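Engineer: the amino acid sequence is not available; the structure is as follows:
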């Protein structure tokens, strides 16, 4: 009489089958973990490799209505003045200083009098541009804007001590 609990029909013992099943399960978990880490790493690399897509209001905001709240806005007007990587955009309601960042250093992206749409974040009296839409319809990606300025609190006090 054979005992099916100790020896199976294929001739293997129960603890050998259990050990084999554990090895297969461990391999499956390890493979899944490696794939998940690779997918997360790839997604993070793609996020860092391209500028963030920002959703601005469809209709431009009047320059006089800009508020220092770091929200994404679109402003449409004409280039009134140029200062290196900054320019003044003007519409019927007023003027705003636009900071284009290092992507515009030394280049001639725009000219005085040119109609332009600017998308970015308004803070501390500057419109920190992320995108320009030129008169010919070309979209210029300037990159993500700098983080908002510190407005009080313990972090600003700590940073003050680090500045020269």
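Structural biologist: Thanks, I have the structure now. Since the model is a prediction, treat every value here as computed from it, not as a measurement.

Engineer: tell me the domain boundaries of the protein?
Structural biologist: 1-49, 63-141 (automatic domain parsing).

Engineer: most packed of those?
Structural biologist: Neighbour counts (mean count of other CB atoms under 10 Å) averaged over each of the domains of the chain peak at domain 63-141, with a mean of 16. For every residue, glycine as well, the C-beta is placed using N, CA and C.

Engineer: for the protein, which helix extends over the most residues?
Structural biologist: Under DSSP state H, the helix in the chain containing the largest number of residues is helix 14-49.

Engineer: any idea how far the next helix or strand after it is from the chain center?
Structural biologist: Using DSSP states H and E, the helix or strand that follows helix 14-49 in sequence is strand 72-83. Remark: strand 72-83 is offset 22 Å from the chain centroid, using CA atoms, centre = their mean, to the nearest Å.

Engineer: what's in contact with strand 72-83?
Structural biologist: The contact list for strand 72-83, computed with CB atoms under 8 Å, 6 or more residues apart in numbering, reads 54-61, 63, 66, 87-91, 95-96, 98, 110-122, 127, 130.

Engineer: quick one: mean pLDDT over it.
Structural biologist: When pLDDT is averaged along strand 72-83, the result is 91.

Engineer: also stretch 18-32?
Structural biologist: Computed over stretch 18-32, the mean pLDDT rounds to 89.

Engineer: how near is the nearest residue to residue 85 once chain neighbours are set aside to residue 68?
Structural biologist: In space, and not counting its chain neighbours, residue 85 is closest to residue 104: 4.2 Å by CB to CB, 6 or more residues apart in numbering. Remark: distance between residue 104 and residue 68 (CB to CB, to the nearest Å) = 22 Å.

Engineer: again, but for residue 45
Structural biologist: Taken as CB to CB, the span from residue 45 to residue 68 is 34 Å.

Engineer: show me where this protein dips below the pLDDT cut-off.
Structural biologist: 1-12, 47-58, 106-107, 144-164 (pLDDT under 70).

Engineer: so what's residue 142 up against?
Structural biologist: Listed by CB under 8 Å, 6+ apart, the contact partners of residue 142 are 100, 101, 103, 104, 120, 129, 130, 131, 132.
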